[in-house]
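Engineer: with the input below, show me the fold.
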Amino acid sequence: MVRIRFSDILRAVTRHLIKAPLLLAAALALSACVSEAEDAIACPSVEVLQDLGELVRFKPGPGRDPTDVLVEAWIDGVGGQCFFDGEELNADLIVRIGSRRGPATKSDKATIGYFVAITDLNRKVLSRQAFKTTAPFSNRKTILFEDTLDLNIPLPRRAQTDSFTIYVGLELSEQELAFNRRKQK
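Structural biologist: Residues are numbered from 1 along each chain as shown. All right, here's what the predicted structure looks like:
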């Protein structure tokens, strides 16, 4: 005959009572993920423009050797999620930017400009927005940071999300763009 002690039953019940709220919380969290995943839709393709994906900014003057560099920056990646909201496509875009302090800079931060442009299938620019961000070097020479953007793209009737392209690039001067193009050859 098996003998069951009251303390064993009490321990088993207590163990299940402790697990029940945890299981309920996990189920609620998973159900929220499912409904959020249902609302998420495919984002338009995102491209970093080749000539505008990197920046080397020199100090004023004729010097263009490595000791004349104020700051270098590059777009390290772009990601995010899209949601459909009535007649608009909402894109939560995350732009990851890398930056390196050059030998010619004396500041512990650098302002970096970039833009996001949205085009249709024919590459006609539907919107273009410029943004500025600050690379906070403090005591570091190289940093990687993210900017989060909320973009709203009005969708014409029956338009598909893949009928748009989102382009991202750094804001460069004519001299900085020419430097990039010479460097690529």
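
Engineer: find the residue at the geometric middle of this protein.
Structural biologist: By CA atoms, centre = their mean, the chain has its centre lying nearest to residue 94, at 1.5 Å.

Engineer: what's the local residue count around residue 132?
Structural biologist: Residues within reach of residue 132, counting by other CB atoms under 10 Å, total 10. In this view, the C-beta of every residue, glycine as well, is placed from N, C-alpha and C.

Engineer: avg pLDDT for the host helix or strand of it?
Structural biologist: Per DSSP states H and E, residue 132 falls inside strand 125-136. The average pLDDT for strand 125-136 rounds to 92.

Engineer: would you check how far apart the closest residue to residue 149 other than its chain neighbours and residue 138 are?
Structural biologist: Excluding the flanking residues, the one nearest residue 149 by CB to CB, 6 or more residues apart in numbering is residue 93, at 4.5 Å. Going from residue 93 to residue 138 by CB to CB, to the nearest Å gives 26 Å.

Engineer: same thing with residue 78?
Structural biologist: Counting by CB to CB - residue 78 and residue 138 are separated by 25 Å.

Engineer: with neighbour numbers in mind, choose between these two.
Structural biologist: residue 78 (19 against 7).

Engineer: what helix or strand is the residue lying closest to that one once chain neighbours are set aside located in?
Structural biologist: Computed as CB to CB, 6+ apart, the closest residue to residue 78 that is not its neighbour in sequence is residue 46, at 4.9 Å. If you go by DSSP H and E, residue 46 is part of strand 45-48.

Engineer: just checking, next helix/strand downstream of that strand?
Structural biologist: Next element after strand 45-48 (DSSP H and E): strand 54-58.

Engineer: who are the packing partners of the top strand by length along the chain?
Structural biologist: The single longest strand within the chain, with elements called by DSSP state E, is strand 69-85. With contacts taken as 3 or more CB pairs under 8 Å, 6 or more residues apart in numbering; DSSP states H and E, strand 69-85 sits against strand 40-41, strand 45-48, strand 54-58, strand 88-101, strand 109-120, strand 164-170.

Engineer: just want the angle from the last one to strand 125-136.
Structural biologist: When axes from the mean of the first three to the mean of the last three CA atoms, to 10 degrees is applied, the directions of strand 164-170 and strand 125-136 differ by 40 degrees.

Engineer: quick check: mean pLDDT across strand 164-170?
Structural biologist: The average pLDDT within strand 164-170 is 93.

Engineer: for that strand, list the C-alpha coordinates in PDB.
Structural biologist: Written as PDB, here are the backbone C-alpha positions of strand 164-170 (Å, rounded to 0.1, in the frame of the first residue of the first chain):
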ATOM      1  CA  PHE A 164       7.400  51.200 -53.600                       C
ATOM      2  CA  THR A 165      11.100  51.300 -52.800                       C
ATOM      3  CA  ILE A 166      12.600  53.100 -49.800                       C
ATOM      4  CA  TYR A 167      16.100  54.600 -50.500                       C
ATOM      5  CA  VAL A 168      18.400  55.700 -47.700                       C
ATOM      6  CA  GLY A 169      21.600  57.800 -48.200                       C
ATOM      7  CA  LEU A 170      23.900  60.200 -46.400                       C
END
